[in-house]
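> Requesting a structural model of the entry that follows:
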Amino acid sequence: MRCGRVCLLTVCFAVLVSGQQFSTAVRRADLDFVANQLPALHADFFYQLDRSAFQAAVDNLNAKIGNLTDAEFYVQLAALVAMAGDAHTIIYLTGISPLPNGFRNFPLQLRWLDDGVFVTAAPPEYAQALSAKLVRVGGVPIDQVMQSLATIIPHDNDQWLQYMSQLYLTGQQILQGLDIAPAGATTPLAFRTLAGEEFTLNVGTSDTASVLAPSPSDGPVPDYLANPNAYYWVEYLPEERLVYFKYNICGDDPTNPFAGFTAKTMNMLDANPVDTLVMDFRGNTGGRTSYFSQFGLEMAKRLPALAANPQFRIYVAIDKGTFSSGMDDAMQFKSSDIPAELESLGTPADLSGRIIAIGQPTGGRPSGYGSVQPFTLPGSRLAGQYSTAFVPAPNGIPDGPSFLPDVRIGVRSTDYFARHDPVLAAILARTEAMPASPSGTAIVVNGASFRADQGLAPGSFASAFGAFSQTPDEVRVNGVPARVVGGNAWQVNFLVPASIPPGSATVSVCAGGTELANGQVAITAVSPGIFVWQAVDPSQPGAVENQDYSVNSRSNPAAPGSVVQIFATGCGQLSEPPQVFFGDTPAQVLFSGELAQYPGLWQINAVAPLSLSGQIPVFIIAGNLSSNAVTISVR
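Take a look at the predicted model:
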């Protein structure tokens, strides 16, 4: 059992604002605790730390103890603790509310996505930053900021460093203590829009209510972002025959006791046809594994009946926020260990190949120190926690920096702000493996989505990006000439020859008979990608027409129950009709086909569900692969 949630996300800042000073005697008491008492309390503080290096760092901090600001001293004290390399042993420097000693955060919420760290909530005075990427703090590039944060955030992998930095990057005194942010009431933060425009805001600390992006009032949010304050929740999607269980906190909600919740979930499994069970542990940073034990036992009793359905699959969704007990509970599904409570049930159901971990590598590692206890620094009364035991990796789980997914699915800013969950989309598509990423001096991607994780379909639009010395006039795929439809010195658009079979292919970009660049790309039977009408809009409005052939937009929405026309590419060698989803709601497809007058262009006509209104994400599933998502407006 590991306990990480109790303190990591519900504590306050641990550094003081300018003007409030701790005495040297107070600081020395705190330094003595970290230098001598904390290592004695920890299960093995020096398991990967050289004692002499730690003592040298202690002596260095002691030598300048009277010459530092409070922010500098306590940031450096946290760095001493982080030297142990135990992600569960930490002085709390972050939190959701300030302590009475006056610490404050920037009124921003950040989220680290595959393409950087983005603002997902801001008060009206900083609304310009919504959906923008944070690129500099106090003039320091974000990569350098992360190098500094890595010295004070205990972590086993970059996943956890990125996850925790979402909180640390909003701590003004942390940034000042690292000499990144200047002293003063505001800090200059530089942002970049999807269009590439940069701007700087001088951000102060406040408790102003924030506006969310995407806003729940403007349309549905993905299930993994819904009900963020609930410990756990569950729903049944009848059209997909899918049970979705979201586990946010490993705890027992006093308003919704876990025992009763377990019974409710089991009744849902018993009373409905189920092809898919999704256990979503994304963002679950821990608590106590004991709460999940009874759930696992009740699940095991039902697995033989569920496994009798050849379509049945269990998907375990994980990401960089899956940590500690949250990760331990997720790993149970992939472990070969059989708890003693299950031995009396006889031979377990054979679910070989039918339990799939999906998403991103976890923030925790399969083995490590945990079973934490709290501590309070004797001088400042700042809080923290330390590990009391080593927890080995479960049998059958490879040890390493992270618990790894079987199917790795990234989440980009254009997914997040388009209200799209690519992990659930891959689950609905029953994706078993993602196409290999393109490589080489010419990076070739789907010409509609520009996604590197989709592959290319024969006969579809594609785009090759590279530092070409001149505008290409020829593209060859496995030596077969492709039709070039436009380009410049860094991008060339072309049609993949229809004769290219699935598999790895070499793309050669040429001008005047001379090769400028080449790359490797995966050719797949189908590769659905939807064209984006306004690519610089983070919400990704799609190339979608309403029933009257007018372009769908916020000012020109579709009516519920009307037909919309979706324009895409990647139809390829489609063997069965595609599926279209509006959020997680399947839509009726009336037509799907390539347009003879526009080779490579794929049109799909679908009925907008009556139950939805607002800004709605739309995506396609074809050939066990899902497309990117675009948004349409329905009113």
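> Where does pLDDT dip in the protein?
Residues of the chain that meet the criterion pLDDT under 70 lie in 1-20, 95-103, 338-349.
> how about a cut-off of 80?
Scanning the chain for pLDDT under 80 picks out the ranges 1-21, 95-104, 336-350.
> Outline the domain layout of it.
The record's domain parsing of the chain by automatic domain parsing lists 1-213+371-397, 217-365+401-426, 435-523, 529-634.
> tell me which element the residue nearest to residue 366 when sequence neighbours are not counted is part of?
Using C-beta to C-beta, 6 or more residues apart in numbering and skipping the chain neighbours, the partner closest in space to residue 366 is residue 393 (3.6 Å). Quick note: C-beta positions are derived from backbone N, CA and C, even for glycine. Using DSSP states H and E, residue 393 sits within no helix or strand.
> Run through the residues that contact residue 393.
331, 365-367, 399 (C-beta atoms under 8 Å, 6 or more residues apart in numbering).
> For these, I'd like a selection string for PyMOL - just the buried members, please.
Restricted to buried positions by 16 or more other C-beta atoms under 10 Å, the PyMOL selection for the contacts of residue 393 reads:
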select buried, resi 331+365+366
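> which of the contacts of residue 393 lies closest to residue 489?
Distance to residue 489 across the contacts of residue 393 (C-beta to C-beta) is lowest for residue 365, with 44.3 Å.
> now the residue lying closest to residue 245 once chain neighbours are set aside, what's its secondary structure?
Distance criterion C-beta to C-beta, 6+ apart; nearest residue to residue 245, sequence neighbours excluded, is residue 234 at 4.8 Å. Following DSSP: H, G, I helix; E, B strand; the rest coil, we place residue 234 in the strand state.
> who touches residue 234 in this structure?
Counting by C-beta under 8 Å, 6+ apart, residue 234 makes contact with 243-246, 261, 264-265, 268.
> how does it look with 10 Å?
Residue 234 makes contacts with 243-247, 261-262, 264-265, 268-269, 278, 280, as judged by C-beta atoms under 10 Å, 6 or more residues apart in numbering.
> if you look at those residues, which of them are in helices?
When DSSP state H is applied, those are split such that 261-262, 264-265, 268-269 fall in helices.
> which phi and psi does residue 402 have?
phi -140, psi 160 (degrees, to the nearest 10).
> excluding its backbone neighbours, what's nearest it?
Among residues not flanking residue 402 along the chain, residue 361 sits closest, at 3.5 Å (C-beta to C-beta, 6+ apart).
> Residue 69 - how many residues pack around it?
For residue 69, the count of nearby residues is 17 (other C-beta atoms under 10 Å).
> cool, residue 520 as well?
Neighbour number of residue 520 under other C-beta under 10 Å is 16.
> do residue 437 as well
Neighbour count of residue 437, defined by other C-beta under 10 Å: 14.
> again, but for residue 93
By other C-beta under 10 Å, neighbour count at residue 93 equals 28.
> Return the distance of it relative to residue 194.
31 Å (C-beta to C-beta, to the nearest Å).
> Residue 543 now?
Using C-beta to C-beta, residue 543 is found at 17 Å from residue 194.
> Residue 478 too?
From residue 478 over to residue 194 (counting by C-beta to C-beta), the distance is 34 Å.
> Look through the chain and tell me its longest helix.
Under DSSP H, the chain gives helix 290-307 as its longest helix.
> going on from that one, what's the next piece of helix or strand?
Using DSSP H and E, the first helix or strand after helix 290-307 is strand 313-318.
> What pairs with that following strand, parallel or antiparallel?
Here strand 313-318 is paired, per DSSP bridges, with strand 276-280 (parallel), strand 355-359 (parallel).
> what comes into contact with the last one?
Residues lying outside strand 355-359 but in contact with it, judged by C-beta under 10 Å, 6+ apart, are 224, 277-282, 303, 313-320, 322, 330-331, 333-334, 397, 403-411, 422-424, 426-427, 430-432.
> What residues sit buried inside stretch 327-341?
By 16+ other C-beta under 10 Å, the buried positions in stretch 327-341 come out as 327-335.
> can I get those residues in TSV with distance to residue 556 and secondary structure?
Output for these, formatted as TSV (distance: C-beta to C-beta, whole Å; DSSP: H, G, I helix; E, B strand; the rest coil):
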residue	distance to residue 556	secondary structure
327	46	helix
328	50	helix
329	46	helix
330	44	helix
331	49	helix
332	49	helix
333	46	coil
334	48	coil
335	52	coil
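> from those, which is closest to residue 202?
Closest to residue 202 out of the buried residues of stretch 327-341 is residue 327 (38.8 Å), distances taken as C-beta to C-beta.
> My guess is the closest one contacts residue 282. True?
No. Under the criterion of C-beta atoms under 10 Å, residue 327 makes no contact with residue 282, lying 11.0 Å away.
> quick one: strands adjacent to whichever strand or helix holds residue 615?
For residue 615, the host element (DSSP H and E) is strand 614-622. Strand 614-622 pairs in its sheet with strand 579-582 (antiparallel), strand 625-626 (antiparallel), strand 630-634 (antiparallel), by DSSP bridges.
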